[in-house]
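Asker: Okay, predicted coordinates and the sequence, questions at the end:
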Amino acid sequence: MAFTVVEEGQDGQDEISVHNTNEKFQAEKFSNRADQKLFDGNHWANYFLCGYKSIMLHNEEITKLLKDKPKGLKILIDSSVPIAAGVSSSSAFTVCIAILTAQANGVREGIQRQLLAD
């Protein structure tokens, strides 16, 4: 997985753009607002949003670490993890997105400190 942060003032600063090298998963663009609704049905982007929201809406301590509004992101996914093969590919994807979200928004180290303090 590769990502870039869209800086303030650049086109796409208020959205997340996700592309996958696997043609089964169409590209999606959605708001970077943490309170957005999930897609209807069993849409793959809901797994993304689950990981994203797990950081952005986790608890008051973590949201205090967010100094600015959520970053715009451009993400490319390329994976060899088998899909729907019983190896928790969706869980791996969700956790990866949570880590990516924390890193891109500058809260990963703060979360690690909180976890180690507990």
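Answerer: Yep, that arrived. Numbering: from 1, shown residues only.
Asker: if I look at residue 76, how far off is residue 56?
Answerer: The gap separating residue 76 from residue 56 is 21 Å, by Cβ to Cβ, to the nearest Å. (C-beta placed from N, C-alpha, C; glycine too.)
Asker: Between these two, tell me which one has more neighbours.
Answerer: Set residue 76 next to residue 56 and count neighbours by other Cβ atoms under 10 Å: residue 56 wins out with 22 against 14.
Asker: Leaving out chain neighbours, which residue sits closest to that one?
Answerer: residue 34 (3.4 Å; Cβ to Cβ, 6 or more residues apart in numbering).
Asker: Helix or strand: which one has residue 55?
Answerer: Using DSSP states H and E, residue 55 sits in helix 45-56.
Asker: Could you give the average pLDDT over that helix?
Answerer: Helix 45-56 carries an average pLDDT of 92.
Asker: Is the residue nearest to residue 56 in contact with residue 57, as I believe?
Answerer: Yes: between residue 34 and residue 57 a contact is recorded at 5.1 Å, counting by Cβ atoms under 8 Å.
Asker: so residue 96 sits in a helix?
Answerer: Yes: counting by DSSP: H, G, I helix; E, B strand; the rest coil, residue 96 is found in a helix.
Asker: That one and residue 90, how far apart?
Answerer: Separation of residue 96 from residue 90 (Cβ to Cβ): 11 Å.
Asker: quick revisit: tell me the first helix or strand C-terminal of the helix holding residue 55.
Answerer: Counting by DSSP H and E, what follows helix 45-56 is helix 60-65.
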